[in-house]
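In: Attaching a predicted model along with its sequence, questions to come.
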Amino acid sequence: MPGVRTIIVDDDAGIREALRLLAKANGAEVLAEADNGRAAIEQAERYRPQLILLDVSMPVMGGFPAARYLRKHIPELRIILISQWNQRAYADEALQIGVGGYVVKGSVATELGPAMDAVMEGETFVSPCISD
């Protein structure tokens, strides 16, 4: 999946940097970054990426409402939610919205690449550590 046009969204600059490095290591082209869901929507509408890595918990607008908006208005956009929460209910809500992936932050170093590959192939990916 070389060259996948990607936007990275997290309110923590250090997490954004880590996600950027991991995404680039997996062949992504990072077009832009944002620190909240509202800014993510603006960036997605401006750049029309193929993939967005979207944090769940952020100020202004969180990942779930941003993902709902993006699924409705840019349905071809692939979305991976990145979250500190490893409960099944969060992953289920993400999948109900129609996102392609749900990756737990504690596993992002090893799971982001496989998640990106799966989501870009039209499959879903959920961190294996999700508890019931």
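Out: Here it is on my side, so go on.
In: Okay, buried residues for the strand or helix carrying Ala40 please.
Out: According to DSSP states H and E, Ala40 maps onto helix 37-47. Buried residues in helix 37-47, counted by 16 or more other CB atoms under 10 Å: 37-41, 43-44. For glycine as for every other residue, the C-beta is placed from the backbone atoms N, C-alpha and C.
In: Could you dump these into a markdown table with distance to Arg5 added?
Out: Output for these, formatted as a markdown table (distance: CB to CB, whole Å):
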| residue | distance to Arg5 |
| --- | --- |
| Gly37 | 19 |
| Arg38 | 20 |
| Ala39 | 17 |
| Ala40 | 14 |
| Ile41 | 16 |
| Gln43 | 11 |
| Ala44 | 11 |
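In: Spit out the contact partners of the residue nearest in space to the middle of the chain.
Out: Ranked by distance to the mean C-alpha position of the chain (CA atoms, centre = their mean), the top residue is Leu53 at 2.4 Å. Residues near Leu53 by CB atoms under 8 Å, 6 or more residues apart in numbering: 6-10, 19, 23, 80, 82, 112.
In: Out of those, which sit inside strands?
Out: Among those, the members falling in strands are 6-9, 80, 82 (criterion: DSSP state E).
In: For Ser83, grab the count of nearby residues.
Out: Residues lying near Ser83 (other CB atoms under 10 Å) number 23.
In: Which pLDDT does the model give it?
Out: Note for Ser83: predicted pLDDT of 94.
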